[in-house]
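[1] whatever this is, show me its structure:
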Amino acid sequence: MLQAKYHYLSGNLVARRKFASLKSFLNYIGIEGNRTLFTWVSASEGDRFAQVIKGVTVRVKSLGPANKLVKKL
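    From the prediction side, this is the model:
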């Protein structure tokens with residue numbers, strides 16, 4: 001049981017560090033950081049999950065299409 005608790009504590013911290021690296025990389029290649037979001041939502045927080053997704057969707061739509069990595073035909 002102790003190992004499972006440690007996994008959830010350390011796993012969250014590892015995920016946050018990886019996301020920070022991802023966001024930095026995306027900014028480096030020219031993709032706006034506002035196109036991504038890192039947050040914790042519990043499995044029992046269905047309403048909160050829906051709100052987070054709606055918020056990200058609105059924000060990304062307001063940014064418009066990402067044109068940096070689009071292949072020109």
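[2] can we go C-alpha only for contacts and neighbour counts from here?
    Fine.
[3] can you tell me the average pLDDT over whatever helix or strand residue 58 lives in?
    Using DSSP states H and E, residue 58 maps to helix 46-63. Mean pLDDT, helix 46-63: 95.
[4] buried sites along that helix?
    For helix 46-63, burial by neighbour count (16 or more other CA atoms under 10 Å) applies to 49, 60.
[5] please apply the same query to stretch 25-44.
    31-32, 35.
[6] is it true that residue 68 touches residue 31?
    Yes. Counting by CA atoms under 8 Å, residue 31 is a contact partner of residue 68 at 6.8 Å.
[7] what distance do you get for the closest residue to residue 48 other than its chain neighbours to residue 63?
    Distances taken as CA to CA, 6 or more residues apart in numbering place residue 41 nearest to residue 48, at 7.2 Å, with adjacent residues excluded. According to CA to CA, to the nearest Å, residue 41 and residue 63 sit 24 Å apart.
[8] with residue 9 instead?
    Shown here: residue 9 relative to residue 63, a distance of 34 Å by CA to CA.
[9] and if you look at residue 47?
    25 Å.
[10] you'd agree the residue nearest to residue 48 is up against residue 49?
    Yes. Assessed by CA under 8 Å, residue 41 is found in contact with residue 49 at 6.3 Å.
[11] quick revisit: export the buried residues of stretch 25-44 to CSV and tack on distance to residue 72?
    Below are the buried residues of stretch 25-44 laid out as CSV (distance: CA to CA, whole Å):
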residue, distance to residue 72
31, 17
32, 20
35, 22
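[12] from these, which is closest to residue 73?
    Among these, residue 31 lies closest to residue 73 (CA to CA), at 20.5 Å.
[13] quick one: residues contacting the closest one.
    With contact taken as CA atoms under 8 Å, 6 or more residues apart in numbering, residue 31 is in contact with 66, 68.
[14] next, it: secondary structure please.
    Three-state call for residue 31 (DSSP: H, G, I helix; E, B strand; the rest coil): coil.
[15] how near is it to residue 51?
    24 Å.
[16] what are the contacting residues of stretch 34-45?
    Applying CA under 8 Å, 6+ apart, the set of residues contacting stretch 34-45 from outside is 16, 19, 23, 48-49, 56, 59-60, 63.
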